[in-house]
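Asker: Any chance you can model this:
(4 chains)
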Protein chains: 2
Amino acid sequence: MVRTRDPAVRTLLIERAAQMLRAREPVTLRSLVAGTGVSTMAVYTYFGGMDGLWQATRQEGFVRLAAKLEAVPLSADPVRDLAALGAAYLSNALANPDLYRVMFDAGYELEDPAAADESLNCLLRAIDRAKDIGRFRHDVDALALATQSWTIGHGLVSLVATGPLPRQALGHGAPMLTALYISCGDDPATCRRSVELGWHPDPHPETTPVSQPAATT
Amino acid sequence: MVRTRDPAVRTLLIERAAQMLRAREPVTLRSLVAGTGVSTMAVYTYFGGMDGLWQATRQEGFVRLAAKLEAVPLSADPVRDLAALGAAYLSNALANPDLYRVMFDAGYELEDPAAADESLNCLLRAIDRAKDIGRFRHDVDALALATQSWTIGHGLVSLVATGPLPRQALGHGAPMLTALYISCGDDPATCRRSVELGWHPDPHPETTPVSQPAATT
DNA sequence: GTCTAAACATAGCATTGCTATGTATTGTGG
DNA sequence: CCACAATACATAGCAATGCTATGTTTAGAC
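Answerer: Residues are numbered from 1 along each chain as shown, chains lettered A, B, ... in the order given. Next up is the predicted model:
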């Protein structure tokens, strides 16, 4: 061990890859390193190839997602919070649709699945709170419900970001989540209000989800 | 116009592309035409390039999907039928996951959107029937409900086929659809039974869904 | 029967990811 | 303080990719 590997280069390349994805520029080996001063070999010493770069980029996507979800301010109403988490999920995904696509592209695994679990845990905590205060029945499977909420969010994002559905279709999120949470025992009228509260603050602004003025794309 | 374009070549190439996708072989210009006797230029005369081939392949995917959905035997219970259509959707998508991915890959449009609409119409008809016999309220937006059902199906397929969720997660479809249809006014117990009936016949068999000996693609 | 436009085949282009080889650099043992 | 060695890095070149330019053949119109 003589020449030390500079960890800054790693994050620089990941950052640049995410940036190029966001700008919809084709991310190729040579275009990635162009202008950074590092040579193409850096991609191989740091990531072992383009596949490794994509894997690291996907990892970064999950880390950012978890950060966004954990930044969602929670309230005393766990059902509202579930809707808010869903809205933040959509907001984050639609703010960087290409990064989102890479995250769920097939063929690659995560090097650290814990990053994905953290996002799920945000949902699980809210679900447990809802059970504790009697909004949800005690026999609801928290993991199943979290997965179902995730499915709704992913389905919406996927169909909107990838094409067929228009942006307004994101509005379907609220009634779908409402129906789901009512099926867990929540009172219909109360549930509707809670979901609306958590959902509406920011259904589709591009930037950060909560507590700051919606910015222009 | 002198030498006529042979339409058989077109379908041959699309068929072969779908076949190679299914076999998980990389579909490249040269590998596609290898063994078919046609040269690489055929891809350009018939499709204008690889992008055109993908567009045609995606189109074919939607045609097959519509055919599968229209082959689902309907009953007197429209809610059962909705679940059966959902199950057929999942079955078709998971039987050819790579074709499904191409169908929803971004960047390309359909040359004939009617093919996609046909699938949606299957759902719309069932929803209208459910309203007619009083299972759903008359004020439910049929298109919205169809879109929501689609979102659930697509979300499930996407998360299962693309990796993160295991195959058993497909079972979440029944409770999600049940919750959704109950929110449209259906009686909870009746709805559960109907969805179970339509869903369970074939939750995840690979081949064709219903009432006919699985045909080779 | 000839002519012409379209289909088709061949060869070559730039670009892709990747690897083999050589050079420079830096922590360590004496 | 210096020689060594292992590692990071740069360069050049590889096969394979999609695509295009340039013939060559074929089939319909008059």
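
Asker: for stretch A:144-157, what is the average pLDDT?
Answerer: Averaging pLDDT along stretch A:144-157 yields 97.

Asker: contact partners of it?
Answerer: A:82, A:85-86, A:89-90, A:93-94, A:100, A:104, A:120, A:123-124, A:127, A:136, A:165, A:169-170, A:172-173, A:176-177, A:180, A:184, B:150-156, B:158-159, B:165, B:169, B:172, B:175-176 (CB atoms under 8 Å, 6 or more residues apart in numbering or on different chains). All C-beta spots, glycine's among them, are computed from the backbone N, C-alpha and C.

Asker: for it, the distance to its chain's centre please.
Answerer: 11 Å (CA atoms, centre = their mean, to the nearest Å).

Asker: got it, and stretch A:99-107?
Answerer: Using CA atoms, centre = their mean, the offset of stretch A:99-107 from its chain centre is 11 Å.

Asker: Over to stretch A:50-70?
Answerer: 9 Å.

Asker: just stretch A:17-24 next, same as before
Answerer: 17 Å.

Asker: Can you give the contact residues for that stretch?
Answerer: A:Pro26, A:Val27, A:Ser31, A:Leu32, A:Leu53, A:Thr57, A:Glu60, A:Gly61, A:Asn96, A:Asp98, A:Leu99, A:Val102.

Asker: Extract the C-alpha trace of that stretch and format it as CSV.
Answerer: Presented in CSV, the C-alpha positions along stretch A:17-24 are these (Å, rounded to 0.1, in the frame of the first residue of the first chain):
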residue,chain,number,x,y,z
ALA,A,17,-23.1,10.7,-12.8
ALA,A,18,-26.2,11.8,-10.9
GLN,A,19,-25.8,15.3,-12.3
MET,A,20,-25.5,14.0,-15.9
LEU,A,21,-28.5,11.8,-15.4
ARG,A,22,-30.5,14.8,-14.2
ALA,A,23,-29.4,16.8,-17.2
ARG,A,24,-30.4,13.8,-19.4
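
Asker: Could you give the average pLDDT over that stretch?
Answerer: 92.

Asker: Any buried residues in that stretch, and which?
Answerer: By neighbour count on 16 or more other CB atoms under 10 Å in any protein chain shown, the buried set for stretch A:17-24 is A:Ala17, A:Ala18, A:Met20, A:Leu21.

Asker: Need the phi and psi values for the third one.
Answerer: When quoted as degrees, to the nearest 10, the phi and psi of A:Met20 stand at phi -70, psi -40.

Asker: Would you mind listing what in chain A touches DNA strand D?
Answerer: Contacts of chain A with DNA strand D, taken as CB under 7 Å from any atom of the strand, map to A:1-6, A:9, A:37-42, A:45-46.

Asker: got the residues of chain A near chain B?
Answerer: A:97, A:101, A:104-106, A:109, A:116, A:144, A:147-148, A:150-156, A:158-159, A:161-165, A:169, A:172, A:175-176, A:178-180, A:182-183 (CB under 8 Å from any CB of the partner chain).

Asker: in chain A, what spans have low per-residue confidence?
Answerer: The model of chain A has pLDDT under 70 over residues A:1-3, A:106-108, A:202-217.

Asker: can you do 50?
Answerer: Residue ranges of chain A with pLDDT under 50: A:203-217.

Asker: For it, which residue occupies the most central location?
Answerer: A:Leu65 (3.9 Å; CA atoms, centre = their mean).

Asker: Pick out the residue of chain A closest to chain B.
Answerer: Taking CB to the nearest CB, chain B has its nearest neighbour within chain A at A:Gly155, 2.6 Å off.

Asker: If you count contacts, what does the strand or helix carrying the residue nearest to the centre of chain A end up packed against?
Answerer: Per DSSP states H and E: A:Leu65 is located in helix A:50-70. Secondary-structure packing of helix A:50-70 (3 or more CB pairs under 8 Å, 6 or more residues apart in numbering or on different chains; DSSP states H and E): helix A:7-22, helix A:40-47, helix A:78-95, helix A:97-103, helix A:114-132.

Asker: got the CA positions of the longest one in PDB?
Answerer: The C-alpha atoms that make up helix A:114-132 are tabulated as PDB, following Å, rounded to 0.1, in the frame of the first residue of the first chain:
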ATOM      1  CA  ALA A 114     -29.700  -1.100   4.800                       C
ATOM      2  CA  ALA A 115     -30.100   2.200   3.000                       C
ATOM      3  CA  ALA A 116     -33.300   0.900   1.400                       C
ATOM      4  CA  ASP A 117     -34.500  -0.500   4.700                       C
ATOM      5  CA  GLU A 118     -34.200   2.900   6.300                       C
ATOM      6  CA  SER A 119     -36.800   4.300   4.000                       C
ATOM      7  CA  LEU A 120     -39.100   1.400   4.800                       C
ATOM      8  CA  ASN A 121     -38.500   1.900   8.500                       C
ATOM      9  CA  CYS A 122     -39.900   5.400   8.300                       C
ATOM     10  CA  LEU A 123     -43.200   3.800   7.100                       C
ATOM     11  CA  LEU A 124     -43.100   1.100   9.600                       C
ATOM     12  CA  ARG A 125     -42.700   3.500  12.500                       C
ATOM     13  CA  ALA A 126     -45.700   5.500  11.400                       C
ATOM     14  CA  ILE A 127     -47.700   2.400  11.000                       C
ATOM     15  CA  ASP A 128     -46.800   1.200  14.400                       C
ATOM     16  CA  ARG A 129     -47.800   4.500  15.900                       C
ATOM     17  CA  ALA A 130     -51.200   4.300  14.100                       C
ATOM     18  CA  LYS A 131     -51.700   0.900  15.600                       C
ATOM     19  CA  ASP A 132     -50.700   2.200  19.000                       C
END
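
Asker: What separation do you get for the closest residue to A:Pro97 other than its chain neighbours and A:Leu90?
Answerer: In space, and not counting its chain neighbours, A:Pro97 is closest to A:Ala161: 4.1 Å by CB to CB, 6 or more residues apart in numbering or on different chains. Taking CB to CB, to the nearest Å as the measure, A:Ala161 falls 10 Å from A:Leu90.
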